[in-house]
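1. coords please:
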Amino acid sequence: MKYTLGQIAQIVNGRLNGDPDVIVEGVAIDSRLIKDNELFVPVIGERVDGHSFVSSLFEKGIKGSFWQKGIEGMPEGNLIIVDNTIAALQKLAARYRLDLGIPIVGITGSSGKTSTKDLVASVLSQKYRVHKTDGNKNNDIGVPLTLLSIQPDIEVAVIEMGILDFGIMDNLVEMVRPDHTVISSIAPAHIMRFKTMDNIVQQKCLINKYLEGTCFYNHDTYGLAEYLPEMGLKQKPVSYGFEEGSDVLIEPENFSAYGQNFRVSVYPEYTFAVPLLGVHQILNATAAILVGRQFGLTAQQISDGLEKVTLTPHRSQLVRIKENVIIDDTYNSNPGSLKASLEMLSSFKNYRKKCVCLGDMLELGENEAEFHAGIADAIDFSQFDYVLLYGELMKNLHERIQSQGRSSEYYNDRDKLRERLKEIMNEQVIILFKASNGLKFMDLIQELEEYYEH
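-> The predicted model follows:
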């Protein structure tokens with residue numbers, strides 16, 4: 001991004017106090033990371049108000065800042081006065097997206113969107129200069145920051161778009177206006193706010209509000225195959241999946257702890273390999289294949305992109321500790337993604353021991369107890385040698401497993417859980433760690449790594 005303060009004030013409908021000819025190149029919301037030539041966007045958070053840093057930032061030499069009406073203590077300096085700093089950031093991002101004029105692939109879903117983003121970006125980078133969402137900065141602040149960080153020489157952008165409530169996708173799509181879209185899955189994530197699965201389908205599909213190109217979607221997930229064809233999109237949506245009725249059928253081949261091979265019907269003579277775990281990652285990889293094909297890549301270029309993918313950390317990430325294989329899937333969890341991860345582990349046939357270490361799934365609303373218990377009705381836990389459950393909500397899964405005459409261990413003490421894991425790891429096992437981010441299981445894995453390093 002490169003605009004004068006005068007241009008920015010006009011774009012965001014703000015009032016400039018200062019020099020309209022000053023040029024800024026980029027924006028920042030973190031006062032610790034801002035560069036001298038960037039515009040500061042003070043965000044009012046639950047604990048900290050960014051406006052409190054503006055004065056000291058001017059003393060350090062920044063060229064300009066937004067300032068929200070009604071906030072006292074306005075300092076001297078180049079200030080753009082706006083009604084709301086976040087809304088102004090979003091307006092600026094929306095304008096920059098239009099000025100860029102490059103194709104954008106928008107990706108959403110209840111789970112799998114970050115892995116899909118990484119896979120799509122890796123494939124497209126075999127032919128184009130690609131910018132992708134950093135980590136999981138996919139919300140109403142992360143998306144505009146992502147857009148505004150796109151360099152002028154970029155040819156394609158892959159933008160992850162996540163929503164926690166009604167209205168958010170409307171806001172995101174006004175900024176991103178994707179040329180092509182992917183919807184990876186529908187599951188009861190954040191259902192406390194959305195109330196029903198059908199509401200989740202409707203809100204996710206709003207990513208297609210301005211769509212001129214193609215929507216690629218998971219045929220096997222809830223609701224999309226019924227809802228998307230009724231949206232009246234300009235281009236026919238393209239489905240992919242394992243089930244009959246998909247536009248693009250997937251045929252999995254061999255699996256291992258190091259990846260999996262599969263075929264897709266649009267390349268019947270070609271076997272693709274992806275160094276990721278789980279059937280759900282084959283679905284995500286197929287979305288990347290179809291996007292690559294849409295952008296004119298050869299099958300070999302697509303294959304190279306899949307094999308070179310680097311995932312955002314804590315999404316089915318493989319970690320080796322001692323002689324054990326750890327599957328770090330600790331960033332988030334909901335019933336759909338948990339079932340997919342458990343099915344992935346059950347597909348491995350050559351391990352002496354398999355262990356699952358599961359923590360609570362958060363933000364599931366009033367039916368959270370049954371969402372946890374119901375995992376036992378969808379997955380045969382007897383196929384795992386050890387089932388370790390942690391957290392208040394996981395007690396419901398423990399009781400359901402026990403009622404089925406199967407074995408699981410329940411812990412409400414993190415230290416005892418860690419000591420039990422150390423015992424199990426003396427047997428050379430493969431362990432799946434999965435929980436919502438609030439359980440901090442990624443820290444638990446790090447503690448185990450540090451223990452075995454010493």
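
2. how far away is the residue nearest to the spatial centre of the chain from residue 310?
-> The structure's the chain has its C-alpha centroid closest to residue 114; by Cα atoms, centre = their mean the separation is 3.2 Å. Counting by Cβ to Cβ, to the nearest Å, the gap from residue 114 to residue 310 is 12 Å. The C-beta positions use only the backbone N, C-alpha and C, and glycine is treated the same way.

3. The helix or strand hosting the residue nearest to the centre of the chain packs against which elements?
-> Here residue 114, judged by DSSP states H and E, is contained in helix 113-124. If you count contacts as 3 or more Cβ pairs under 8 Å, 6 or more residues apart in numbering; DSSP states H and E, helix 113-124 packs onto strand 104-108, strand 130-132, strand 156-160, strand 180-183, helix 279-294, helix 299-307.

4. In CSV, list the C-alpha atoms belonging to stretch 225-240.
-> Coordinates of the C-alpha atoms in stretch 225-240 are reproduced here as CSV (Å, rounded to 0.1, in the frame of the first residue of the first chain):
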residue,chain,number,x,y,z
ALA,A,225,-24.6,-29.5,-2.2
GLU,A,226,-28.2,-28.4,-1.6
TYR,A,227,-27.7,-24.7,-0.9
LEU,A,228,-25.1,-23.6,-3.4
PRO,A,229,-26.8,-24.6,-6.6
GLU,A,230,-29.8,-22.5,-5.5
MET,A,231,-27.7,-19.3,-5.1
GLY,A,232,-27.9,-18.4,-8.8
LEU,A,233,-24.2,-18.0,-9.2
LYS,A,234,-22.9,-16.8,-12.5
GLN,A,235,-20.7,-19.9,-12.9
LYS,A,236,-21.8,-23.4,-11.9
PRO,A,237,-20.3,-24.3,-8.6
VAL,A,238,-17.9,-27.3,-8.7
SER,A,239,-18.1,-29.9,-6.0
TYR,A,240,-15.5,-32.4,-5.0
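
5. what residue ranges in this protein score low on pLDDT?
-> 189-190, 256-258, 350-351, 454 (pLDDT under 70).

6. which residues sit against the longest strand anywhere in the chain?
-> Secondary structure of the chain per DSSP state E: the longest strand is strand 248-256. With contact meaning Cβ atoms under 8 Å, 6 or more residues apart in numbering, strand 248-256 is reached by 238-242, 260-266, 271, 279, 282-283, 286, 290, 347-348, 350.

7. Mind checking which of these are buried?
-> Taking 16 or more other Cβ atoms under 10 Å as the criterion, what is buried in the contacts of strand 248-256 is 238-242, 260, 262-264, 266, 279, 282-283, 286, 290.

8. What is the nearest of those residues to residue 164?
-> Of all those, residue 164 sits closest to residue 283, with 23.1 Å by Cβ to Cβ.

9. Skipping adjacent residues, who's closest to that closest one in space?
-> Using Cβ to Cβ, 6 or more residues apart in numbering and skipping residues adjacent in sequence, the residue nearest residue 283 is residue 218, 5.6 Å away.

10. For that neighbour, which residues are in contact?
-> For residue 218, the contacting residues are 109, 183-186, 224, 239-241, 283, 287, by Cβ under 8 Å, 6+ apart.

11. Can I get those in JSON lines including distance to residue 145?
-> Compiled in JSON lines, these are given as follows (distance: Cβ to Cβ, whole Å):
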{"residue": "109", "distance to residue 145": "21"}
{"residue": "183", "distance to residue 145": "23"}
{"residue": "184", "distance to residue 145": "22"}
{"residue": "185", "distance to residue 145": "25"}
{"residue": "186", "distance to residue 145": "27"}
{"residue": "224", "distance to residue 145": "29"}
{"residue": "239", "distance to residue 145": "32"}
{"residue": "240", "distance to residue 145": "31"}
{"residue": "241", "distance to residue 145": "33"}
{"residue": "283", "distance to residue 145": "29"}
{"residue": "287", "distance to residue 145": "24"}
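
12. What is the nearest of the residues you listed to residue 297?
-> Using Cβ to Cβ, the contacts of residue 218 come closest to residue 297 at residue 287, 13.8 Å.

13. Could you verify my assumption that the closest one touches residue 116?
-> Yes: assessed by Cβ atoms under 8 Å, residue 287 is found in contact with residue 116 at 5.3 Å.

14. shared neighbours of these two, anything?
-> 182, 184.

15. just to revisit the earlier point, out of the buried ones among the contacts of strand 248-256, who's nearest residue 148?
-> Nearest member of the buried ones among the contacts of strand 248-256 to residue 148, counting by Cβ to Cβ, is residue 290, at 28.5 Å.

16. Just the C-alpha atoms of the longest strand of the chain, please, in PDB.
-> The C-alpha trace of strand 248-256 is given here as PDB (Å, rounded to 0.1, in the frame of the first residue of the first chain):
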ATOM      1  CA  VAL A 248     -15.000 -34.300  -9.100                       C
ATOM      2  CA  LEU A 249     -14.600 -37.700  -7.500                       C
ATOM      3  CA  ILE A 250     -11.700 -38.600  -5.300                       C
ATOM      4  CA  GLU A 251     -10.100 -42.000  -5.000                       C
ATOM      5  CA  PRO A 252      -7.700 -42.400  -2.100                       C
ATOM      6  CA  GLU A 253      -4.900 -44.900  -2.500                       C
ATOM      7  CA  ASN A 254      -2.200 -45.700   0.100                       C
ATOM      8  CA  PHE A 255      -1.700 -44.000   3.500                       C
ATOM      9  CA  SER A 256       1.200 -43.700   5.900                       C
END
